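>>> pasting the sequence and the predicted coordinates here, then a few questions.
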Amino acid sequence: MCGIIAYVGPRQAYPVLIKGLHRLEYRGYDSAGICLMNKNLNIYKCKGKVSDLEKHVKGEDIGGTLGMAHTRWATHGEPNEVNAHPHFSQDKSLAVIHNGIIENYATLRSELKNRGYKFVSDTDTEVLAHLIYDILKHEKVKLEEAVRIALNHVIGAYAIVVLSKDNPDKIVAARKGSPMVIGVGEDEYFVASDATPIIEYTNNVIFMNDEEIAVIERDRPIQIRTVRNQKKTPYVQKMEMSLTAIEKGGFDHFMLKEIYEQPRSLRDSMRGRLLVNQGVINLGGIKEYEQKLLNAKRIIITACGTSWHAGLVGEYLIEDLARIPVEVEYSSEFRYRNPILYEDDIIIAISQSGETADTLAAIELAKSKGATVLGICNVVGSSIARATHAGVYTHAGPEIGVASTKAFTAQVAILTMMALKIAGSKGTIPRSKFQRYLTELEAIPDKVEKILTLDDQIKEIAEIYKDVKNSIYLGRGYNLPVAYEGALKLKEISYIHAEGYPAAEMKHGPIALIDEQMPVVVIATKNGTYDKVISNIMEVKARHGKIIAVVTEGDEQVRALADHCIEIPETEDFLVPLIATVPLQLLSYHIAVMRHCNVDQPRNLAKSVTVE
Ligand code: G6P
């Protein structure tokens, strides 16, 4: 939800900022802007993507060794040049970029208007520019102090960078609720929404905490204070992330690369944790909370989007294997519905980015009621990873494509290990089965590899259905979340309406939609409800719907009924989601490419949703 970057050092800022914006573009891509310090603050901005900004600045003065830039996902005000960031103060001496939402912006705006400030945009951000300027003018304080005073008037979430013409070597950055990382080079500093634009220059980073303000000045040490004016010592950490992990590596799209990375990302998520020979699962990050987990009377999983689907798989896993009741909650609902929480409840928050605002708020709520909160995050050092009591990283590596793929399977792998670990310790599954399950789980990455060889066959199916307007995805039991996730993947990147449904519920509504045009994707692997799913397929066929079935290798029965069968290797029921999701990812990908959609940056979406 908006990407921000700033730079000060010996290099020309423009190339660093533009490259950084490209890396952050997954966070928002409806408009972009840049501000370069070169005696004056030179601001260039436009509607569209970062590449449009590059065209827009052709022939302009883009010199300067200090600057900041922004790629936007609109919240207040439609995406256009005027609403794009940076925003100037009235006299153009100050400029601000912002990620987040200023909730009391309307009040601040009318107060500032009454004092004679003229607003040019519809954004909430512009109030910050005028407010900081107003404080500077009247209180005659340093820039950072004016920012601090201004932030004391602000309600909402923000990551901001402020530049001032009168402070040509200074960047002031602050955060609350939205992420911000500072890169510390030898004689240069970087500020960004995440570490991806920074790591090619330095591995030394400072993760800013909420309500902190950093003063980043050329050739001087960084200073950090809180909005309540307490001094903080900056804590520099080493970041482990390779450059190749955030580049396309020969694939046409990040999404395809990330789908293909799954054998590797799944192995990484299990490495050092799944110790088959010793018959052990080792989840170091939550070791301290193991006993609590074993004794838990209830587990609540909270997440959004694809991570919520992983949570649903988690519900089936933990209830089935570990026999602990589980509820799965959309974070956005959970946080506002006055949920009943007990101190012995365990909350598991799942988030790829670790920045989703609703999930963060759900965590804070659970903590305030005394519950224990464990995280499953992909981004190391992210806000959610830090806000939870303990957690397990998924180790899927950076996920750039907006539609989540490898992060989902890694989340499910972690939940599977959690469920098995509790089950093994509680004795809710016999030892012999436990050992067999570990062996089967270890074999999953190889099975995903095998499924990836079906890519051409899936492409042929995509070719047939690329022009449909609607589709239904059906599954039961462990495969229901797979159906939900398959439908979400298709709608978000191809803009084809897709609904995931419990197969048996189809007759209570969606069956009315079925005609000879309607593809119905059914996950019909050989598990407990196989026979029932076959009946559901018959019901679709009786209404001339088209069946695309994901089946277990060697299946004859569904093959005789379905229009297309995608065969996946046999595995235990509870492991099917880890492999059955993969062909559906490929199907969505190919359909979206054939429809000329922007697969990595689908319209209106953003990867990291830092607003509620
Ligand atoms: C956005 C992304 C999804 C993601 C969801 C939750 O909608 O486009 O891919 O599943 O946010 O994000 P999180 O980072 O918390 O998993």
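Now that the structure is in, tell me what you want to look at.
>>> quick one: residues contacting the closest residue to the ligand within the stretch 201-350 of the chain.
Taking C-beta to the nearest ligand atom as the measure, the stretch 201-350 of the chain has Gly305 as its residue closest to the ligand, at 2.8 Å. Where you see a C-beta, it was placed from the backbone N, CA and C, and this is true even at glycine. For Gly305, the contacting residues are Thr356, Ser404, Leu488, Val609, by C-beta atoms under 8 Å, 6 or more residues apart in numbering.
>>> backbone phi and psi for the last one, please?
Note on Val609: backbone dihedrals following degrees, to the nearest 10 are phi -100, psi 90.
>>> just the pLDDT for it.
If you check Val609, the pLDDT there is 78.
>>> who in the stretch 501-612 of the chain is up against the ligand?
Contacts of the stretch 501-612 of the chain with the ligand, taken as C-beta under 6 Å from any ligand atom, map to Leu605, Lys607, Val609.
>>> ranking these by neighbours, who comes first?
Using other C-beta atoms under 10 Å as the neighbour criterion, Lys607 leads these with 25 neighbours.
>>> tell me, how many neighbours does Arg228 end up with?
For Arg228, the number of neighbouring residues by other C-beta under 10 Å comes to 8.
>>> give the helix, strand or coil label for it.
Per DSSP: H, G, I helix; E, B strand; the rest coil, the secondary structure class of Arg228 is coil.
>>> and the least confident of the contacts of Gly305?
For the contacts of Gly305, the least confidently modelled position is Val609, at 78, judged by pLDDT.
>>> enumerate every residue touching it.
Listed by C-beta under 8 Å, 6+ apart, the contact set of Val609 reads Met1, Cys304, Gly305, Ser353, Glu355, Thr356, Ala357, Asp358.
>>> can I get the residues you listed in TSV with distance to Ala245 and secondary structure?
As requested, those are exported to TSV (distance: C-beta to C-beta, whole Å; DSSP: H, G, I helix; E, B strand; the rest coil):
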residue	distance to Ala245	secondary structure
Met1	22	coil
Cys304	24	coil
Gly305	22	helix
Ser353	15	coil
Glu355	18	coil
Thr356	21	coil
Ala357	26	helix
Asp358	27	helix
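>>> just flag the most distant two among the contacts of Gly305.
Thr356 and Leu488 (15.3 Å; C-beta to C-beta).
>>> from the chain's centre, how far out is the helix or strand of the chain with the lowest mean pLDDT? Work that out for me.
Across the helices and strands of the chain, mean pLDDT, DSSP states H and E gives its lowest value to helix 530-542, namely a mean of 90. Mean C-alpha position of helix 530-542 versus that of the full chain (C-alpha atoms, centre = their mean, to the nearest Å) differs by 36 Å.
>>> any weak-confidence spans in the protein?
Low-confidence segments of the chain (pLDDT under 70): 1.
>>> just give me the residue right at the centre of it.
In the chain, the centroid-proximal residue (C-alpha atoms, centre = their mean) is Ser353; its distance is 3.8 Å.
>>> my guess is that one contacts Ser608. True?
Yes - assessed by C-beta atoms under 8 Å, Ser353 is found in contact with Ser608 at 4.2 Å.
>>> okay, and the common contacts of these two?
With the criterion set as C-beta under 8 Å, 6+ apart, the contacts of Ser353 and Ser608 do not overlap.
>>> quick one: the helices in the stretch 151-300 of the chain, in order.
Using DSSP state H, counting those that start in this stretch, the helices of the stretch 151-300 of the chain run over 254-260, 262-270, 290-295.
>>> buried residues, the second one. List them.
Residues of helix 262-270 classed as buried: Gln262, Pro263, Ser265, Leu266, Arg267, Asp268, Ser269, Met270 (neighbour count, 16 or more other C-beta atoms under 10 Å).
>>> the ligand next: which of these are close?
Under the cut-off given by C-beta under 6 Å from any ligand atom, the ligand has nothing from the buried residues of helix 262-270 close to it.
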